[in-house]
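**Q** Pasting the sequence and the predicted model now:
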Amino acid sequence: MTVVLVHGNPETDGIWEPLVDALGARDVVRLSPPGFCAPVPPGWRATPTAYRDWLAAKLEALAQPVDLVGHDWGGAHVVGVAMTRPNCCAAGAPTASAGSSPTTPGTPSPAHGRPRASAKHPWPR
């Protein structure tokens, strides 16, 4: 099954590299929302509905349900799609996170140099 990863802001799709490596040979698609280190289409309205519809269109183009994972603002887009177009997601709930990097806790985020959350320090300082 295809895994679709949607990053947040100010990250790039490089934030997913450790996870992609851990998944091995699985089919992985990394999506960058408009304005999140990706071009903004002419007339783009950066609203929750616009991002939800953008992601839904990308998923529908894959022509199959996917395992959907979002981080930070990408997590909000994932939740928006799951609530309104559940047929885009494979059985089970999509995964969404907010606030910390999806990679190793306690290490700097490649995008902004702050430490990631960890069990010892649940919020970056």
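**A** That came through, no problem.

**Q** Report the contact partners of Cys89.
**A** Residues in contact with Cys89 (C-beta atoms under 8 Å, 6 or more residues apart in numbering) are 65-68, 81-82. Yep, even glycine has a C-beta here, placed from its N, CA and C like the rest.

**Q** Are any of these buried, and if so which?
**A** 66-68, 81-82 (16 or more other C-beta atoms under 10 Å).

**Q** Which of those residues fall within helices?
**A** Counted as lying in helices by DSSP state H, out of the buried ones among the contacts of Cys89, are 81-82.

**Q** ok, the buried ones among the contacts of Cys89 vs Arg26, which is closest?
**A** Asp67 (9.0 Å; C-beta to C-beta).

**Q** Look up how far Thr47 lies from that closest one.
**A** Distance, Asp67 to Thr47, by C-beta to C-beta, to the nearest Å: 26 Å.

**Q** Could you do Ala57 as well?
**A** 15 Å.

**Q** what does Val20 give?
**A** Counting by C-beta to C-beta, the gap from Val20 to Thr47 is 30 Å.

**Q** Between these two, which is the more surrounded one?
**A** The neighbour comparison of Val20 against Thr47 (other C-beta atoms under 10 Å) goes to Val20, with 15 against 9.

**Q** which residues does the more buried one contact?
**A** 5, 28, 30.
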